[in-house]
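Asks: Below: sequence and its predicted model.
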Amino acid sequence: MTFKKIIIAASLTLSIAAAAFAEEPTKASTAPGSTPAVAAPAAQGAPALSAATDQTTAPAVAPPLAKKRELKANKVVTLSMFAVIIGITMAVVVWAAKQTKTAADFYAAGGGITGTQNGWAIAGDYMSAASFLGISGLISLYGYDGFMYSVGWLVAYITVLLIVAEPCRNAGKYTLGDILSFRTNPKPVRAFAAISTVAVSTFYLTAQMVGAGKLMALLVGVPYKTAIVGVGILMVGYVVFGGMTATTWVQIIKAGLLMSGAFLLSVLVLAKAGFNPIYFFDMIVHSPDIQDHVSKLVLRDGVILNGIDAGQRFLEPGLFMKSPLDQISLGMALVLGTAGMPHILMRFFTVPTAQAARKSVIIAMFIIGFFYVLTTLLGFGAAINLTPQGIISVDPGGNMATLMLAQQLGADIAPIMGDLFLAFLCSVAFATILAVVSGLVLAASAAIAHDIWVNVVKDGHADQHEQVMAARITSLVVGVVGIIIGLMAEKANVAHLVALAFAVASSGNLPVVVLSLFWRKFNTAGVISGLVVGTVASIGLVMVSPNMTYPKIVAAGAKKVVVAMEKKQAALPAGVLLDEKDAKALAKAKVDELKDGTSMMGLDKPLFGLKNPGILSIPLGFIAAILGCLMFPNKRSEEMFDEVYVRQNTGLGMAKAVEH
Amino acid sequence: MAERQYDWATIAQNPKFLELTHKKTAFLFGWWIFSTAYYFLLPIGAAYAPGLFKIKIIGVINFGYVFALSQFFVSWALALYYAHVANKDFDRLTRELIDELHL
């Protein structure tokens, strides 16, 4: 009984921590129309915004051509496309609900998903709206760095393919806890695995929900709260009634829509360049608007570049990513974190064999990689056709670049096509959000219902009916909590939450998964110490990192702006006032200047200099797992290694997972 | 649901199994290290060898762009190569092992 209490206390603490993260007030998103969450393909999304809105000290991004653009989707067309998507997915849910009778059906679609289907579903599960809109936006504003950023998201799948996919298929059943508890003391291990799964999913889900709300509000003018509740109800509906089967098909449909949207738009972009890639790149380098944009970007670093040199600079690294260590740290979290993401791991239990798991990863890699290559075309295409200045005027983070591009290129064919194409891409974004959040809710519910309820509380004694009931109720609760967090976090800076999810997955989950599968001596103590240290280190480091708001630093920055603006004012002839933009910046700086106090953690300035903790927290997770297990050796765990190792390599004894 | 009992320790000592796991381990970890190293050359190179990344290769397209693009092709090629080796060697060894055990 005490054990149950510990779990409840720990889960409570975690949800409070998640809420506290979400409460952290935003520092950069005060600019109208900025959508921090969508810009958050991870940590690097945040600077995209702050680069544009925070650094008022160098008001260099003022669009010289002042191409003020508007982006408003045609409400009727867009909402009817949404209705079509909702209709189709609901039909899938009804069909899936009829097939969902056992726990294996609910969590793993009865193991009846083929490799190809699962490959599309993995891609659909993985490519969030942040990838779709955020990365092309980054490319449209910062060129090469945006492209370089996208690479890690694909390379991450090499780890999934080579190290975790097949062994997990062979050794697991429904959840992370199943893999880890095989030769350890199952109750504590499952409990900790569940907590870590819920933590990762909550961080990721919060970022997705807030992004969804902001995106819908901006695009179709649905109020933020309505959008969150709407998305939330659909997500709960998919998972509660259709379980893994419905979630899988929603993800497949979404991946298909996303790829066709990206492909169509890329064809239009390339058509503008006569399908000649060399000419396409020439257009980038020779675009006067891009040249002007780059000149102003590099001027902040005190570099003077003009004309064609500035255009060429757009294809070179360093316009956006200024901290190599942060970049490497993020790369580590991506490469190792993807393989530790519970909602990705869970996908491998839906296929019947290790061969199918292998095939599904390879198919997913081609889809995801092809998508990011297309994203480059979209990003550069947006820069050429819309100009970076025009993109910034709609959203300083560049998140709207793809959608604006669709509208423009469509309208070039026929005015009505612009509206239609924009509406289509909005519904792709909508489907994307639904698919990703459903996967997360399912992973979190599986951890709570299967690991904690069935295996810890009920000692594994629950019949199929009870298990499915527990899973459905838990999904409902998790979904409702997700909606509430989404509603509370409207004004929060959620940009770092995606990076945090990857950090926890790479530092907490991945080390213990790998060691469980490949190291004879690994045991209960190792799993627990690895999970706890990896998770706590990631969260702790982010809490003392530059991701948090430090009032004293904000005030110091504001002081500089005030001084600069007053100087500017003094330099103007008497009677002439600062222009509107400068005056606004000055007024804001004067307020910020008075800010005092400390960050959430009571700090004046960050203790840890990087936005991404991976470079430190991943080694800590590994060391803790290894030390923990060496300090408390366990003979039974060692003896059972033969079984785990034979199973994970050969798939012997696996039939259990697909009993039918 | 009567589950079949296996003598895991004996299987773990089977020469076929040892051959399978040795081959697999060498392949998987070796290529994982290669691909990870190749990936990290990208951010490291971009940060510390910007001169190299600026060298133009075709028209205005520079080394940095080609290198970043090559990451995609290297990943895909490795995935296909792994599928080829796994289908040909690892799956065959696994089948032979299972046949030998008369399962």
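Replies: On my side now, so go ahead.
Asks: contacts and neighbour counts: CA atoms only from here.
Replies: OK.
Asks: sec struct for residue A:612, please.
Replies: Using DSSP: H, G, I helix; E, B strand; the rest coil, the structure places residue A:612 in coil.
Asks: okay, now it: neighbour count?
Replies: The number of residues packed near residue A:612 is 32, by other C-alpha atoms under 10 Å in any protein chain shown.
Asks: what's the burial count for residue A:463?
Replies: 12.
Asks: from memory residue A:265 sits against residue A:406, does it?
Replies: Yes - under the criterion of C-alpha atoms under 8 Å, residue A:265 makes contact with residue A:406 at 6.5 Å.
Asks: which one of the two has more residues nearby?
Replies: residue A:406 (30 against 25).
Asks: what's the spacing between the more buried one and residue A:544?
Replies: Applying C-alpha to C-alpha, to the nearest Å, the value for residue A:406 to residue A:544 is 40 Å.
Asks: just residue A:368 next, same as before
Replies: Residue A:368 is 33 Å from residue A:544, by C-alpha to C-alpha.
Asks: so how many other residues sit close to residue B:99?
Replies: Counted with other C-alpha under 10 Å, residues neighbouring residue B:99 total 10.
Asks: pLDDT wise, what is it at?
Replies: If you check residue B:99, the pLDDT there is 87.
Asks: Same check on residue A:187?
Replies: pLDDT recorded at residue A:187 is 91.
Asks: Residue A:187 against residue A:453, yeah?
Replies: No - look at residue A:187 against residue A:453 with C-alpha under 8 Å: they stay out of range, at 10.7 Å.
Asks: helices and strands around the helix or strand that residue A:87 is a member of, which ones?
Replies: Per DSSP states H and E, residue A:87 falls inside helix A:75-99. On a contact count with 3 or more C-alpha pairs under 8 Å, 6 or more residues apart in numbering or on different chains; DSSP states H and E, helix A:75-99 meets helix A:186-220, helix A:224-272, helix A:415-446.
Asks: Tell me the secondary structure at residue A:520.
Replies: coil.
Asks: Touching, it and residue A:638? I think so.
Replies: Yes - with contact defined as C-alpha under 8 Å, residue A:520 counts as touching residue A:638 (5.4 Å).
Asks: For chain A, give me its nearest residue in chain B.
Replies: Closest approach between chain B and chain A, counting by C-alpha to the nearest C-alpha: residue B:8, at 5.0 Å.
Asks: count of neighbours near the closest residue in space to that residue that isn't next to it in sequence?
Replies: In space, and not counting its chain neighbours, residue B:8 is closest to residue A:643: 5.0 Å by C-alpha to C-alpha, 6 or more residues apart in numbering or on different chains. For residue A:643, the count of nearby residues is 23 (other C-alpha under 10 Å).
Asks: same for the host helix or strand of residue B:82, what does it pack against?
Replies: Per DSSP H and E, residue B:82 falls inside helix B:63-85. Other elements packing on helix B:63-85 under the criterion 3+ C-alpha pairs under 8 Å, 6+ apart are helix A:144-159, helix A:354-386, helix B:15-48, helix B:50-54.
Asks: Reformat those helices as JSON lines; add mean neighbour count.
Replies: Output for the helices and strands packed on helix B:63-85, formatted as JSON lines (neighbours: other C-alpha atoms under 10 Å in any protein chain shown):
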{"stretch": "helix A:144-159", "mean neighbour count": "24"}
{"stretch": "helix A:354-386", "mean neighbour count": "25"}
{"stretch": "helix B:15-48", "mean neighbour count": "16"}
{"stretch": "helix B:50-54", "mean neighbour count": "17"}
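Asks: Next, format those helices as JSON lines and append mean pLDDT and distance to residue A:465.
Replies: Below are those laid out as JSON lines (pLDDT from 0 to 100; distance: least, C-alpha to C-alpha, whole Å):
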{"stretch": "helix A:144-159", "mean pLDDT": "93", "distance to residue A:465": "36"}
{"stretch": "helix A:354-386", "mean pLDDT": "95", "distance to residue A:465": "28"}
{"stretch": "helix B:15-48", "mean pLDDT": "93", "distance to residue A:465": "40"}
{"stretch": "helix B:50-54", "mean pLDDT": "90", "distance to residue A:465": "60"}
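Asks: Adding distance to residue A:234, write those helices out as a markdown table.
Replies: A markdown table is the format used below for these (distance: least, C-alpha to C-alpha, whole Å):
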| stretch | distance to residue A:234 |
| --- | --- |
| helix A:144-159 | 27 |
| helix A:354-386 | 25 |
| helix B:15-48 | 38 |
| helix B:50-54 | 46 |
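Asks: Quickly find the element holding the residue nearest to residue B:8.
Replies: Here residue A:643 is assigned to helix A:641-650, by DSSP H and E.
Asks: Mind pulling up the pLDDT for the residue nearest to residue A:506 when sequence neighbours are not counted?
Replies: Leaving out its chain neighbours, the residue that sits closest to residue A:506 by C-alpha to C-alpha, 6+ apart is residue A:337, at 3.7 Å. The pLDDT attached to residue A:337 in the predicted structure is 94.
Asks: I'd like to know which elements the host helix or strand of residue A:337 is packed against.
Replies: Using DSSP H and E, residue A:337 sits within helix A:324-337. When contacts are defined as 3+ C-alpha pairs under 8 Å, 6+ apart, helix A:324-337 packs onto helix A:144-159, helix A:495-504, helix A:614-631, helix B:15-48.
Asks: Quick one: residues contacting the residue nearest to residue B:8.
Replies: Neighbouring residues of residue A:643 by C-alpha atoms under 8 Å, 6 or more residues apart in numbering or on different chains: B:8-9, B:12.
Asks: same question, residue A:634
Replies: Counting by C-alpha under 8 Å, 6+ apart, the residues that residue A:634 touches are A:521, A:523.
Asks: cutoff 10 Å now
Replies: The neighbours of residue A:634, taking C-alpha atoms under 10 Å, 6 or more residues apart in numbering or on different chains as the test, are A:184, A:521-525.
Asks: ok, and for stretch A:220-235, which residues are buried?
Replies: A:220, A:222, A:224-225, A:227-229, A:231-232, A:234-235 (16 or more other C-alpha atoms under 10 Å in any protein chain shown).
Asks: For chain B, state which of those residues is nearest.
Replies: Nearest to chain B among those, with distances taken as C-alpha to the nearest C-alpha, is residue A:235, at 32.5 Å.
Asks: What's the local residue count around the spatially closest residue to the closest one that is not a sequence neighbour?
Replies: Spatial nearest neighbour of residue A:235, chain neighbours left out: residue A:438 (5.2 Å); criterion: C-alpha to C-alpha, 6+ apart. Residue A:438: 31 surrounding residues under other C-alpha under 10 Å.
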